[in-house]
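Enquirer: Below are the sequence and a predicted model for it; my questions follow.
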Amino acid sequence: MTTFSQLDPLWASSIAVAVIALGLMLVWRGLRGGRDGGRALLGQRVDMLHRLEGFRLTVFGLVLIGVGGAVIWQAQWLLLLALGIGFVEILESSTLIAVWKSNHRRDEARRA
């Protein structure tokens, strides 16, 4: 018995396509940033903290694309790979962002 044997193919495919579309939007936003171009992984004049936030958003979008693809192709290995790598990368980048922000606040407090 596989993970996907309980899913209705019609509903699973349409929901998976919606998840993939959401993932593509998040990847685009992570790479290019918001309306002002901030928090972009590929931005020209973006500081490292905002690049890390863009990276985290890009990875989250890639995880959604992987999960949607796994449901469409009924590939359990792809589901586990997407969730596993995504979890580790999002955890690492979230930790780096938290440390970066706490150090930034500490440096601002020292300057004041």
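Expert: Arrived safely, thanks for sending.
Enquirer: Please make it C-alpha for all contacts and neighbour counts, starting now.
Expert: Will do.
Enquirer: ok, which stretches of this protein are helices?
Expert: Taking DSSP state H, the helices of the chain run over residues 9-32, 48-73, 76-111.
Enquirer: With distance to residue 42 and mean neighbour count added, can I get these in a markdown table?
Expert: Output for the helices of the chain, formatted as a markdown table (distance: least, CA to CA, whole Å; neighbours: other CA atoms under 10 Å):
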| stretch | distance to residue 42 | mean neighbour count |
| --- | --- | --- |
| helix 9-32 | 5 | 18 |
| helix 48-73 | 8 | 22 |
| helix 76-111 | 16 | 14 |
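Enquirer: a markdown table please, covering those and showing mean pLDDT and distance to residue 38.
Expert: Listed next are the helices of the chain as a markdown table, based on pLDDT from 0 to 100; distance: least, CA to CA, whole Å:
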| stretch | mean pLDDT | distance to residue 38 |
| --- | --- | --- |
| helix 9-32 | 92 | 8 |
| helix 48-73 | 94 | 7 |
| helix 76-111 | 91 | 15 |
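Enquirer: Could you pull up the contacting residues of the residue nearest the centre of the chain?
Expert: Closest to where the C-alpha atoms of the chain average out (CA atoms, centre = their mean) is residue 60, at 1.3 Å. Each residue near residue 60 by CA atoms under 8 Å, 6 or more residues apart in numbering is listed here: 23, 26-27, 86, 90.
Enquirer: try 7 Å this time
Expert: The contact partners of residue 60, by CA atoms under 7 Å, 6 or more residues apart in numbering, come to residue 86.
Enquirer: sorry, back to before: tell me which of the helices of the chain lies nearest to residue 39.
Expert: Set against residue 39 and scored by CA to CA, those come closest in helix 48-73, at 4.1 Å.
Enquirer: Figure out how far that closest one is from the centre of its chain.
Expert: Its chain's average C-alpha position is 3 Å from that of helix 48-73, according to CA atoms, centre = their mean, to the nearest Å.
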